[in-house]
Each structure stands twice: as C-alpha cells, then as structure tokens.
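**Q** Got a predicted model here, sequence first, then my questions.
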Amino acid sequence: MCNRIETYQPYSFSQLGQRESQQDSRFPDCDTPQEQCRTFVVCDGVGGEACGEIASRIVADTLGKYISKFTNDGSDLTKERFGHALNEAAKALNEAVDYGSPHMSTTITALHFNNSNVIVAHMGDSRIYQVRPGIGIIYRSNDHSLVNSLVHSGNITPQEAINHPKSNYITRCMSPLQPGAYPTPADVLTITDIEPDDCFVLCTDGVLHCINDEQLAEILSQPETTDKEACSLIAGLSANSSDNNTAIMVRVKSIPEQLETIEINNSGQDTSAIDSRDPAESCTTTIISPESQADTVTEIVPEQEIPKRKGLFGWLKNMF
C-alpha cells in the first residue's frame, strides 16, 4: 500500500533563448532529476538589474538544498518551515553582495511533494501549474506583476493585458535586504486535491512568451505521449524565446489511499487573466515597489539574525 505521494521520472530543460547570458536557474540543475527527488525550484534572475544570474543561482540552490535536507527523513515541509528556507536564501544573497550586486534580484517558484500534499510557493512572474488530464489546468499561480494587479482591480481587461506596454513590471522578487528589513513575502499554498497523472510544471516567463495555457494543458494531457516527449515539445516551442526559458515537469504516479482530496478554489487564481504574451515584446523586467496583495497565503517567518539587508498537438508532434 502506498503511504505517500509517488511521482514518475521528472524532466526539465533550461535554454538560452535569444539572450546573451543565462539568468535562469533550477534545482536540481539537470534535465533528468533523480526519480526520488521531491523538491524542485526554478528562479529567473531579473535581467534589468546587475548580477541576476548570481541571485537566481544562490536562491535556487539554497532553497533546494535546505528543503531537501530538512525533509530527507520523510518529514513534511510546512509553510513555516518554507519561511525559514526563504530566510536562509535571503541571508545567502546578503553574503554574496561583495561579489554580486546590492541590486541583484530573482523570481522564485518552488514545489515540494510531502507525504499527502504538495507545497507550492512563488514570488514574481515565474509560474506554477497543476494540470489534470481530461480536466485541464486546476491550479495556476498568480503572477506578482503590475499588469496582473491592474486586471484584478478592474482597471484593464484580460485582453488589454496581453500586449500591455508594462507587462514586464513585477511587484515582488527576492533581493538583498536593506538593514532592518525582512524578506519579501512569498505566496505559499498547500495543495491536497491531487490525483494520479496530475502533472506539475514550474517555468520562467520565457516559456510563457511562446506557449499559452491551452497549449500547455493539451500537451500534458495526451495519453499516448510520454513525459519525456511532452517536455521536449515544450522545449522545442520555447527554444527561440526572446528570453531565457526554463521548466521542470513532474507527474504524480500514485497517492496514499487515505489521501483526502478537496476541490481547489481558483477564485483567487488568475487562470483566465493572462494566457499569452507577445513573443516580440521586450523581456527586460522592471521591479516596482511591492504592494499589498490580498491573495498572500503566508508571511515569511522573521529571523533577527539576518545581517543586512485540438489539431495543435498533431502539428507539434510532426514538428518535433
């Protein structure tokens, strides 16, 4: 009898796109993570600021290693414990300022498979999906972006958001801390509505420049396609992105018999807000001051020792 969530072999890719340098980072940093791996992180260094590649690498590695070490004995990751992990990443960024930059920043997406639920966390405009074959996307993280805030507030429509001139402005990211400050809060969610064959995807916005929600759901829902082939299809579509593009996908193999499933309430998730972006748009990201977000699930745990601051699928298979 299965006593915890089990997954199939995860797959990943990380591509340069049309950029001259790679500012995306992932954990584990390989295309075929070990099958028993239960912690995954994807970060996108903010390209408009110095040393984004350093920030993304430090945060991805620190989060991934801290969470993996804490849960190595089978312990569950809690929201509070994720807060401690985020604090560790913030401290690591502060310690790297001397060889990096006080302005370096990164987005965060993180996912961990507990015994009977999944913890997901994000900050910025990199994204997390949960796709259920036959149903479609049942969870999509809510981008911390200026345009998304304008959609939620009713100032612009979802259609106006697609080609909005400020679509590259984000409202949250992780940066080295100012003296006396605490890390920016991340949205952290515990997902208990999990079924076999559900597929979780973490990706940077470079992937989203080239593939929309409908395409992603269709690729991940084809029973005759292996996960390796599906990952290759997504990578092929994203290869010529105007930005770096990175993704990790992992599918659920089995769940505990007693796992209680609940329907995820998507009322706070923007699954219909911004489904695609103009591939030709500039991808330089701008940070604006963080604003109050009603959908923030948890605040980061303060730690005083922080020193400083339908025909589509057939066509795709023919192409690749």
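**A** Received, thanks.
**Q** The strand ranked longest in the chain: partners in the sheet, and parallel or antiparallel?
**A** Ranked by number of residues, the top strand in the chain under DSSP state E is strand 245-254. Using DSSP bridges, strand 245-254 pairs in its sheet with strand 6-7 (antiparallel), strand 11-15 (antiparallel), strand 199-203 (antiparallel).
**Q** what's next to the shortest one, contact-wise?
**A** The reference is to strand 6-7. For strand 6-7, contacts defined as C-beta atoms under 8 Å, 6 or more residues apart in numbering pick out 35, 38, 113, 250-255. C-betas here are computed from N, CA, C, even on glycine.
**Q** Below-threshold pLDDT in the stretch 1-150 of the chain: ranges please.
**A** Scanning the stretch 1-150 of the chain for pLDDT under 70 picks out the ranges 1, 47-49.
**Q** Spell out the residue ranges of the strands in it.
**A** When assigned using DSSP state E, counting those that start in this stretch, the strands of the stretch 1-150 of the chain occupy the ranges 6-7, 11-15, 24-27, 39-44, 108-113, 118-123, 127-132, 136-140.
**Q** Tell me which of the ones you listed lies nearest to I234.
**A** With C-beta to C-beta as the criterion, I234 lies closest to strand 11-15 of those, at 7.5 Å.
**Q** any residues touching that closest one, and which ones?
**A** Contacts for strand 11-15 (C-beta under 8 Å, 6+ apart): 22, 24, 26, 28-33, 206, 227-228, 230-232, 234-235, 238-239, 241, 244-250.
**Q** Tell me how many other residues crowd D61.
**A** 19 (other C-beta atoms under 10 Å).
**Q** so it makes contact with P28?
**A** No. With contact defined as C-beta atoms under 8 Å, D61 does not reach P28; the gap is 9.8 Å.
**Q** Contacts only, for Q23.
**A** Counting by C-beta under 8 Å, 6+ apart, the residues that Q23 touches are 44-47, 52-53, 56, 244.
**Q** and the two most separated of the residues you listed?
**A** That would be V46 and N244, which, of the contacts of Q23, are the farthest apart (C-beta to C-beta) at 11.6 Å.
**Q** ok, H103 to G52 distance?
**A** According to C-beta to C-beta, to the nearest Å, H103 and G52 sit 9 Å apart.
**Q** Tell me which of these two has more neighbours.
**A** More crowded of H103 and G52, by other C-beta under 10 Å: G52, with 29 against 16.
**Q** residue contacts, the more buried one?
**A** By C-beta under 8 Å, 6+ apart, the neighbours of G52 are 23, 44-46, 104-106.
**Q** Tell me where the stretch 51-200 of the chain has helices.
**A** Under the criterion DSSP state H, counting those that start in this stretch, the stretch 51-200 of the chain carries helices at the ranges 52-71, 79-95, 146-152, 158-162.
**Q** Work out the gap between the first one and the centre of the chain.
**A** What separates the centre of helix 52-71 from the centre of its chain is 13 Å, taken as C-alpha atoms, centre = their mean, to the nearest Å.
**Q** Name the nearest residue to I58, ignoring sequence neighbours.
**A** Leaving out its chain neighbours, the residue that sits closest to I58 by C-beta to C-beta, 6 or more residues apart in numbering is A92, at 5.0 Å.
**Q** what about the one you found, distance to S126?
**A** Using C-beta to C-beta, A92 is found at 19 Å from S126.
**Q** ditto for V207
**A** From V207 over to S126 the distance is 9 Å, taken as C-beta to C-beta.
**Q** any idea which residue sits dead centre in this protein?
**A** Centroid-nearest residue in the chain, with C-alpha atoms, centre = their mean: T109, separated by 3.0 Å.
**Q** Could I get the contacting residues of it?
**A** Shown in contact with T109 (C-beta under 8 Å, 6+ apart): 41-43, 120-122, 126-128, 141, 202-203.
**Q** circling back: can you tell me which of the strands paired with strand 245-254 is packed in deepest?
**A** Burial of the strands paired with strand 245-254 is given as mean neighbour count (mean count of other C-beta atoms under 10 Å); strand 199-203 ranks first at a mean of 25.
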